[in-house]
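Peer 1: Next one to model:
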Amino acid sequence: MNYYSYTPQGVCSRRITFGLEDGKLHDVKFEGGCNGNLKAIGKLLEGADALDTVKILEGNECGGKGTSCADQLTIGIKRALAHEG
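Peer 2: Numbers count the residues shown, from 1 in each chain. Model prediction:
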C-alpha cells in the first residue's frame with residue numbers, strides 16, 4: 001500500500017492523509033476541520049473505490065468557499081492516482 005499526504009487549500013483542515021491499494025482507499029484522515037464529520041468520512045471511505053469517491057465528492061462545497069474538505073480530498077486522490085498511474 002502507498003500512503004499519500006495532501007495539503008488542502010481554502011478549507012479548515014490542514015492536512016489529508018490516505019492509503020491507496022489496488023485503487024481502493026484506506027486510512028483516510030483529516031487534520032483539523034470538523035472533527036466528527038471528517039472522522040465519519042474516513043470511516044465511510046474505508047475500502048471505497050478511489051475513482052468512484054472522486055465522482056461522488058468532487059465539487060462538494062462548504063459555507064460558500066467554492067470547495068470543502070471532501071472536495072479537497074478528491075484533488076489529493078487524483079494526484080495520488082496520477083502518481084500511481
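
Peer 1: Please make it C-alpha for all contacts and neighbour counts, starting now.
Peer 2: Fine.

Peer 1: isn't there a helix covering Leu20?
Peer 2: No: read with DSSP: H, G, I helix; E, B strand; the rest coil, Leu20 is strand and lies in no helix.

Peer 1: That one: what's it in contact with?
Peer 2: Met1, Asn2, Tyr3, Tyr4, His26, Ala50 (CA atoms under 8 Å, 6 or more residues apart in numbering).

Peer 1: Is the residue of the chain most remote from its centre in a helix, a strand, or coil?
Peer 2: Most distant residue from the mean C-alpha position of the chain: Gly64, 19.1 Å away (CA atoms, centre = their mean). Following three-state DSSP, we place Gly64 in the coil state.

Peer 1: distance of it from Ile77?
Peer 2: Note on Gly64: its distance to Ile77, by CA to CA, to the nearest Å, is 23 Å.

Peer 1: ditto for Leu25
Peer 2: Leu25 sits 9 Å away from Ile77, going by CA to CA.

Peer 1: what sits in contact with each of those two?
Peer 2: Joint contacts of Leu25 and Ile77 (CA under 8 Å, 6+ apart) are Ala50.

Peer 1: neighbour-wise, which of the two wins?
Peer 2: Neighbours were counted for Leu25 and for Ile77 using other CA atoms under 10 Å; Ile77 has more, 26 against 22.

Peer 1: now the more buried one, what's its secondary structure?
Peer 2: Secondary structure, three-state DSSP: Ile77 is helix.
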